[in-house]
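Chemist: Structural data only, the sequence is not supplied:
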């Protein structure tokens, strides 16, 4: 279009997060040795929590259980129970940090009740072989598209290929 594009500038972590969240991130990294992805998640949770406190007109030292409940309730409405439980764990860590550094007077982290979930709550990762056989029997193999579909399902069931992998297969791959 002939319109010059301004150079890309990344936002540094110090501009995205407050000094308190930066201090918390450094504490988690140096004293607890958490993984990089966990550290990012923990900092995001802390930053969101501080933002919710600001929106409620609350200081960190005056945080109440109702503030925490409202914050966690916001997650629970839009996220799965497993994800909410993980985020509650991150929030507990942040509140323990606030207690350890003297920013809150009591251990408010223990008031966080994460949603409970069962390990087998999610759908199974694989279908029982009898269900796979029933699906294969339902495909009309007397038609060209049916033979193709049968071959695709058989590849997925036998070799564990994903749908995207099967679709991208070419004759020279065999």
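Modeler: Structure received. Here the structure is a predicted model, which is why all the values come from computation and not from measurement.

Chemist: Need the pLDDT of the residue sitting furthest away from the middle of the chain.
Modeler: Within the chain, residue 142 marks the point farthest from the mean C-alpha position, 44.7 Å out by C-alpha atoms, centre = their mean. pLDDT recorded at residue 142 is 93.

Chemist: name the element it belongs to?
Modeler: Counting by DSSP states H and E, no helix or strand carries residue 142.

Chemist: Over to the spatially closest residue to residue 146 that is not a sequence neighbour. Which of the three states is it?
Modeler: Distance criterion C-beta to C-beta, 6 or more residues apart in numbering; nearest residue to residue 146, sequence neighbours excluded, is residue 140 at 3.9 Å. Glycine gets a C-beta too; all of them are placed from N, C-alpha and C. With DSSP: H, G, I helix; E, B strand; the rest coil as the basis, residue 140 sits in coil.

Chemist: For the remainder of this discussion, apply numbering that starts at 685.
Modeler: With the count now opening at 685, the last piece we talked about shows up as residue 824.

Chemist: quick one: residue 824 and residue 832 touch, right?
Modeler: No: between residue 824 and residue 832 no contact is recorded; they are 11.0 Å apart, counting by C-beta atoms under 8 Å.
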